[in-house]
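In: Sequence and predicted structure below; questions after.
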Amino acid sequence: MAPSTWLYLIRHGEVERAGEGRFFGHTDVGLSATGLAQVEALARDLAGERIEAVYASDLRRARQSATPLAGARGLEPTVVAALREVAMGRWEGLTFGEIRDRDPELLAQWLANLATCGFPDGETLADLRARVLPALDAILARHAGRRVAVVAHGGTNRIILAEALGLPLGHILRLAQDYAGWSLVEYRASGPVLHALNQRVVVAAPAEPSPVR
């Protein structure tokens, strides 16, 4: 029997302005200071794993997140544009409240029909699936029988996990994807097996300054 291929599926770290709850999609934001600390911690957490290659979406937040993990292995992340987050069209950069005020009926339709109702002037989940899964298949084929990491986005990762679990597209928001969280999928000849879901990294708090005596 052919050996399994193991996928470490990672979401990027916290982004700038994360607290505002904006829909970023293809918007090319970078990591916040917390996000940078998270991906350094992630690289330490996975230091003992025999990962032979690291892939990332071409968006800056994913490339920044992949760099410490790859660098610890003397590698550069391989950038794959097809791993981008879903395109959110005219909702890019808006908060949920702003979207509700501008497009209340369309937002209600989208929430009720995630699988079929796409982002206005953007992509549907089916569009996202159609570009992500072939890219993933190519990566897994290239590293068959080995271990590889993919650093991408909440939507991208949920598509990959839903496919592995046989979960309908309309249910993908049931899969938690925290900043810098990682999941582990084993691709066996008989089919995928999920070993870990959304493992969270712990970022040490800065030390308190010593009192002056």
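Out: That came in fine, so what should we check first?
In: List the buried residues for the lowest-mean-pLDDT helix or strand in the chain?
Out: Sorting the helices and strands of the chain by mean pLDDT, DSSP states H and E puts helix 104-112 at the bottom, at a mean of 93. Within helix 104-112, the residues that count as buried by 16 or more other Cβ atoms under 10 Å are Leu107, Trp110. For every residue, glycine as well, the C-beta is placed using N, CA and C.
In: So which residues make contact with it?
Out: The set of residues external to helix 104-112 that reach it, using Cβ atoms under 8 Å, 6 or more residues apart in numbering, is Ile99, Arg100, Cys117, Gly118, Phe119, Pro120.
In: Show residues contacting the longest helix seen in the chain.
Out: For the chain, the helix with the greatest residue count under DSSP state H is helix 125-142. With contact meaning Cβ under 8 Å, 6+ apart, helix 125-142 is reached by 5, 7, 53, 55, 80, 82-83, 86-87, 114-116, 118, 148, 150, 155-156, 159-160, 163, 169-170, 172, 187.
In: Give me the angle between the helix or strand just after that helix and helix 125-142.
Out: Downstream of helix 125-142, the first helix or strand assigned by DSSP states H and E is strand 147-152. Calculated by axes from the mean of the first three to the mean of the last three Cα atoms, to 10 degrees, strand 147-152 forms an angle of 150 degrees with helix 125-142.
In: Which elements pack onto the helix or strand just after strand 147-152?
Out: Downstream of strand 147-152, the next assigned helix or strand under DSSP H and E is helix 154-165. In this structure, helix 154-165 packs against strand 5-11, helix 125-142, strand 182-188, strand 191-199, with contacts taken as 3 or more Cβ pairs under 8 Å, 6 or more residues apart in numbering; DSSP states H and E.
In: Of the ones you listed, which stretch is the most buried?
Out: Greatest average neighbour count among these goes to strand 5-11 (a mean of 24), per mean count of other Cβ atoms under 10 Å.
In: Would you mark the buried spots in the next helix or strand after it?
Out: Counting by DSSP H and E, the next helix or strand C-terminal to strand 5-11 is helix 33-45. If you call a residue buried by 16+ other Cβ under 10 Å, then helix 33-45 has these buried ones: Gly35, Leu36, Ala37, Gln38, Val39, Glu40, Ala41, Leu42, Ala43, Asp45.
In: pLDDT (mean, whole number) over stretch 4-21?
Out: Averaging pLDDT along stretch 4-21 yields 96.
In: Distance from it to the middle of the chain?
Out: Relative to its parent chain, stretch 4-21 has a centroid offset of 4 Å by Cα atoms, centre = their mean, to the nearest Å.
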